[in-house]
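Student: quick one, what's the 3D model for this:
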Amino acid sequence: MRLNFAVLFLLLGALLFSSCGAKKKSASGPLVGGVRPNKNAPISDASDARGMEYSKDKLENYAALLGVKQKELDNKSLYYVIDEWMGTPHRMGGLDKRGVDCSGFVGMLYRKAYGKDLPRTSRDMADVIKRKYERQLKEGDLVFFSFGGRNIDHVGIYLHNDKFVHVSTRKGVIISSLKDAWYSKYFTRCGTPTI
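Tutor: Predicted structure coming up:
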């Protein structure tokens, strides 16, 4: 019995330290009382997205937030899946709409939008990418962060113009900017999955 408890404790610890260790200070943003102000609007904490007005068309809203034309959204199903999960809260080890962690969300999104299976943890995902420079990023590439030291502990999916979708520990599934100080400070690597 003691051995089973020790193994369970080690597994729980490994999961805790290998996924979504981001602890960001809360900042005001478009999430109002846990609900999107407009059901067609993406949720974003990007500094250049504050005060944006949105239309009734989901894809048009994502294109506006990302600063591109709607036809430049390469994988439309990616945005529809993101929209289904937008605002879902963070929950360590979670894999459903009651709560999801960063690597669980990225893995599910990749499976649904690209038909590819990625490893379960952000650290393992970082091991299966062809590394790129930030200026080479394309829609669907992975971006990695290290909030807790030298190890990778957070992952998101790059969209366009420095914006990426991920699971914030405070705001849930959200679109953020690599250029904002918090993310820029902890940004570690990026690349295209080779799986």
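Student: give me the pLDDT for the residue nearest the centre of the chain.
Tutor: By Cα atoms, centre = their mean, the mean C-alpha position of the chain lies nearest to residue 166, the distance being 1.2 Å. With respect to pLDDT, residue 166 has a value of 98.
Student: what does residue 8 give?
Tutor: pLDDT for residue 8: 42.
Student: stretch 173-191: which residues count as buried?
Tutor: Within stretch 173-191, the residues that count as buried by 16 or more other Cβ atoms under 10 Å are 173-178, 180, 182-183, 186-188, 190-191. From N, CA and C alone the C-beta is placed, and that goes for glycine too.
Student: got CSV for these, with pLDDT, distance to residue 108 and secondary structure too?
Tutor: Listed next are these as CSV, based on pLDDT from 0 to 100; distance: Cβ to Cβ, whole Å; DSSP: H, G, I helix; E, B strand; the rest coil:
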residue, pLDDT, distance to residue 108, secondary structure
173, 97, 11, strand
174, 97, 16, strand
175, 98, 17, strand
176, 97, 19, strand
177, 98, 23, strand
178, 98, 22, coil
180, 96, 25, coil
182, 91, 25, helix
183, 96, 22, helix
186, 96, 23, helix
187, 97, 23, strand
188, 96, 22, strand
190, 98, 20, strand
191, 98, 20, strand
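Student: so which of these is the closest to residue 78?
Tutor: Set against residue 78, the nearest of the buried residues of stretch 173-191 by Cβ to Cβ is residue 175 (12.1 Å).
Student: and the buried residues of stretch 173-191, which is closest to residue 154?
Tutor: Sorting these by how near they are to residue 154, with Cβ to Cβ, puts residue 186 at the top with 7.6 Å.
Student: low-confidence ranges in this protein?
Tutor: Residue ranges of the chain with pLDDT under 70: 1-37.
Student: can you give me the helices for it?
Tutor: 2-18, 58-66, 76-85, 102-114, 122-126, 181-186 (DSSP state H).
Student: may I have the last one as CSV, with CA atoms only?
Tutor: Right, helix 181-186. Written as CSV, here are the backbone C-alpha positions of helix 181-186 (Å, rounded to 0.1, in the frame of the first residue of the first chain):
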residue,chain,number,x,y,z
ALA,A,181,6.1,41.5,-22.0
TRP,A,182,4.9,38.5,-19.9
TYR,A,183,5.1,36.0,-22.8
SER,A,184,8.1,37.6,-24.4
LYS,A,185,10.1,37.2,-21.2
TYR,A,186,9.4,33.4,-20.9
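Student: sounds good, over and out.
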